[in-house]
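Undergrad: Next come a sequence and a model predicted from it.
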Amino acid sequence: MTSTELTATEASVFIPNPATPYQGDIARYWDGEARPVNLRLGDVDGLYHHHYGIGEVDHAALGDADDSESEKKLITELHRLESAQAELLLEHLGDIGRDDTLVDAGCGRGGSMVMAHQRFGCKVEGVTLSAKQAEFANRRAGELRIQDHVRARVCNMLSTPFETGQAAASWNNESSMYVDLHDLFAEHSRILKVGGRYVTITGCWNPRYGQPSKWVSQINAHFECNIHSRREYLRAMADNRLVPQAVIDLTPDTLPYWELRATSSLVTGIEEAFINSYRDGSFQYVLIAADRV
Ligand SMILES: C[S@@+](CC[C@H](N)C(=O)[O-])C[C@H]1O[C@@H](n2cnc3c(N)ncnc32)[C@H](O)[C@@H]1O
Ligand SMILES: CC(C)=CCC/C(C)=C/COP(=O)(O)OP(=O)(O)O
Ligand SMILES: [Mg+2]
């Protein structure tokens, strides 16, 4: 058996002890997560995401409110918007060849990794703190018979097993609010080849608002995370040889997703905080693509 053919159980053998008690809490959080809003959307086509959606709602696809299939259609539409978000991130990775290696930092259940492999045909290595998530992602890769190209490991994204300069591109899809940004970008900068591309889609608080708003504090408490400001992202990138090539404010593009989600039976209670903070300008949904120079 080659190192790329590890079973889910073997993958978890590599688990280091959590670097901090906080990371232990985050590992437990994601090990225990089973929200229908994530599992039922993933069941639509087998791509399991833990990120939000972008784009216009296709009202024709939703049908009438009294349609017996309306809930199913709504779930399919929310999932379509979440996959559109991942497609946008992948579009910003640049020219990726089949022989390249990509790194997904904070890979969750692996939806973005599968999409990246399907798009580029390359190897995709993911890390997550959660053994349950890594097992889930590796099981899905096995079912799709792409386990020789897509692999999740239980590992701290601030200290990865990847070689210096190994990755053609790397990303954080809604996973950078769990770590110190200077430590994070130092590690991406190390594993990326010179000329490689880093992309993040993230929620960040807006320095123009002043300080994190009560809605931002509510989101932090809900997910046990620590949302950074837009300014912190740009400063930490500049300090780590990552030069922004694109900074896109996706806030107007994600609001339709939240407004639609708020009408579904799968609400989790956090919808109001996202909608209010996006509307009052205290919080922004952004994509940042940067070149490793
Ligand atoms: C909101 S989920 C995003 C998952 C995935 N990127 C997606 O788009 O579906 C956050 C992820 O970050 C991971 N994470 C948080 N802190 C981490 C760390 N220090 N090292 C590795 N993964 C981490 C969690 O385990 C979880 O998988
Ligand atoms: C943009 C920000 C601040 C994101 C915080 C990180 C996070 C928890 C993302 C979504 O995960 P999920 O898909 O598990 O959440 P939910 O259950 O709400 O869909
Ligand atoms: Mg979700």
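TA: The structure has been received and is ready for your questions. Ligands and ions are numbered 1, 2, ... in the order given.

Undergrad: Every contact and neighbour count from this point should use C-alpha atoms.
TA: Fine.

Undergrad: for this protein, longest helix please?
TA: helix 70-91 (DSSP state H).

Undergrad: Buried residues in that helix, which are they?
TA: 70-71, 74-86, 89-90 (16 or more other CA atoms under 10 Å).

Undergrad: ok, and which of those reach ligand 1?
TA: For ligand 1, no contacts are drawn from the buried residues of helix 70-91 by CA under 6 Å from any ligand atom.

Undergrad: tell me the angle of the one helix or strand residue 170 maps to relative to helix 70-91?
TA: Taking DSSP states H and E as the definition, one finds residue 170 inside strand 167-173. Relative orientation of strand 167-173 versus helix 70-91 (axes from the mean of the first three to the mean of the last three CA atoms, to 10 degrees): 140 degrees.

Undergrad: So which bits of the protein are right by ligand 2?
TA: Close to ligand 2, as judged by CA under 6 Å from any ligand atom, the chain has residues 35, 37-38, 50-51, 174-175, 202-203, 223.

Undergrad: Any of those buried? List them.
TA: By 16+ other CA under 10 Å, these give 37-38, 50-51, 174-175, 202-203 as buried.

Undergrad: Please go through these and note which also touch ligand 3.
TA: 38, 50 (CA under 5 Å from the ion).

Undergrad: quick check, nearest of the buried ones among the residues of the chain next to ligand 2 to residue 267?
TA: Relative to residue 267, the closest of these is residue 37; by CA to CA it sits at 7.3 Å.

Undergrad: For the residue nearest the centre of the chain, which non-adjacent residue is spatially closest?
TA: Residue closest to the mean C-alpha point of the chain, counted by CA atoms, centre = their mean, is residue 173 at 2.5 Å. Distances taken as CA to CA, 6 or more residues apart in numbering place residue 201 nearest to residue 173, at 5.1 Å, with adjacent residues excluded.

Undergrad: so how far is residue 283 from residue 237?
TA: 20 Å (CA to CA, to the nearest Å).
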